[in-house]
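Student: Build the 3D model from these lines:
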Amino acid sequence: MQWSRVKSILIMILLLIDGFLIVNIAGKYVSNYYRTAENAHNITEILERRGIAQGALFELPETHTLPVLQIDRSRADEDRFAVGLLGGDLVRTEQPDGGTVYYESAQGVLNWRDGGVVSGTLKPKQYTRPRDHAAAQAYACEVLKAAGISASVDWQRSEDGGTVTASFPTAGVPVFNRTLTLIFREQDIELTGWWTFGMPYITKSGNYVAFSATDALFNLISKNEIAQIDKMELGFLLSESGGGRVQMTPGWRVDTNAGSFFVDSLKKSSVFV
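Tutor: Below is the predicted model:
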């Protein structure tokens, strides 16, 4: 057999294989498209039967798999945070149980509680209350930078410009209750929030959760009085897991007329966020 004929046969075989793969991939894509469309249609029908409206921009998100993560409390980072805000001459007092640490100086007071909950009142030198949104955000950025938080954060501002909230994502998705809120008052700044330092980690292999938006939505509307669904977003929620460790649980935040709920992928329960 001539080499040219062998080469032609090989080319034909490769073309057939490529064609089979293309048809297979296209079939899966089309099947997934119709399945997604059918789910969205079914959701719409169920919501309508229950008298629940959908916001103009509402879309049913796709299902993604996220891990259950853990983060250890870092006393050293908390100390650096406090020094950055209150100065190196602060007085540090730790409770006997070790769960809460207090800091105090002429520039304010601060405390870190077990699990990473922080609150305090700051009195920066020559402080002047910001006049508008932009000034408040710029001031908040300077405060957090002094505290050692220089990572790219997401900002939320109140309507009057007097409150700024900072958060940052993990694994490309938001952590809904990991925030630092700064309230700019006339004489001082109130700081509250729940924050973590360091890298989160997985404690055991296979610790991933696939929780569909459809299941989360059914769970929510079966347990709460909802009149309208506006938005769904996948992310994490912090919760204390003991021993100074914080757990990051994946789930869905659902924005509704009754407020924003987080539907836990593990407990299958919903809480306000």
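Student: got a list of what I183 touches?
Tutor: 162-163, 189-192 (C-beta atoms under 8 Å, 6 or more residues apart in numbering). C-beta: built from backbone N, CA, C; applies to glycine.
Student: element containing it, please.
Tutor: Take DSSP states H and E as the rule and I183 turns out to sit in strand 179-184.
Student: Would you mind identifying the next helix or strand past that strand?
Tutor: The first helix or strand that comes after strand 179-184 along the chain, using DSSP H and E, is strand 189-194.
Student: now for that following strand, which elements pack on it?
Tutor: On a contact count with 3 or more C-beta pairs under 8 Å, 6 or more residues apart in numbering; DSSP states H and E, strand 189-194 meets strand 117-122, strand 179-184.
Student: from the middle of its chain, how far away would the first one be?
Tutor: What that stands for is strand 117-122. Counting by C-alpha atoms, centre = their mean, to the nearest Å, strand 117-122 is centred 21 Å from the centre of its parent chain.
Student: pLDDT averaged over it, what's the number?
Tutor: If you average the pLDDT over strand 117-122, you get 96.
Student: now stretch 224-234
Tutor: The average pLDDT for stretch 224-234 rounds to 93.
Student: And for stretch 173-183?
Tutor: Averaged across stretch 173-183, pLDDT comes to 93.
Student: and that stretch, which residues are buried?
Tutor: Across stretch 173-183, burial judged by 16 or more other C-beta atoms under 10 Å covers 174-183.
Student: Need these in a markdown table (columns: distance to I52).
Tutor: Below are the buried residues of stretch 173-183 laid out as a markdown table (distance: C-beta to C-beta, whole Å):
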| residue | distance to I52 |
| --- | --- |
| P174 | 24 |
| V175 | 28 |
| F176 | 22 |
| N177 | 25 |
| R178 | 30 |
| T179 | 29 |
| L180 | 34 |
| T181 | 31 |
| L182 | 36 |
| I183 | 35 |
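Student: how about the strands of the stretch 101-250 of the chain, start to end?
Tutor: Taking DSSP state E, counting those that start in this stretch, the strands of the stretch 101-250 of the chain run over residues 108-113, 117-122, 154-157, 163-167, 179-184, 189-194, 208-210, 228-242, 245-256.
Student: Sheet-wise, list the partners of the strand holding I183 with their directions.
Tutor: According to DSSP bridges, strand 179-184 forms sheet pairs with strand 163-167 (antiparallel), strand 189-194 (antiparallel).
Student: Of the contacts of I183, grab the buried ones for ChimeraX.
Tutor: Typed into ChimeraX, the line below selects the buried ones among those, using 16+ other C-beta under 10 Å:
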select :162,163,189,191
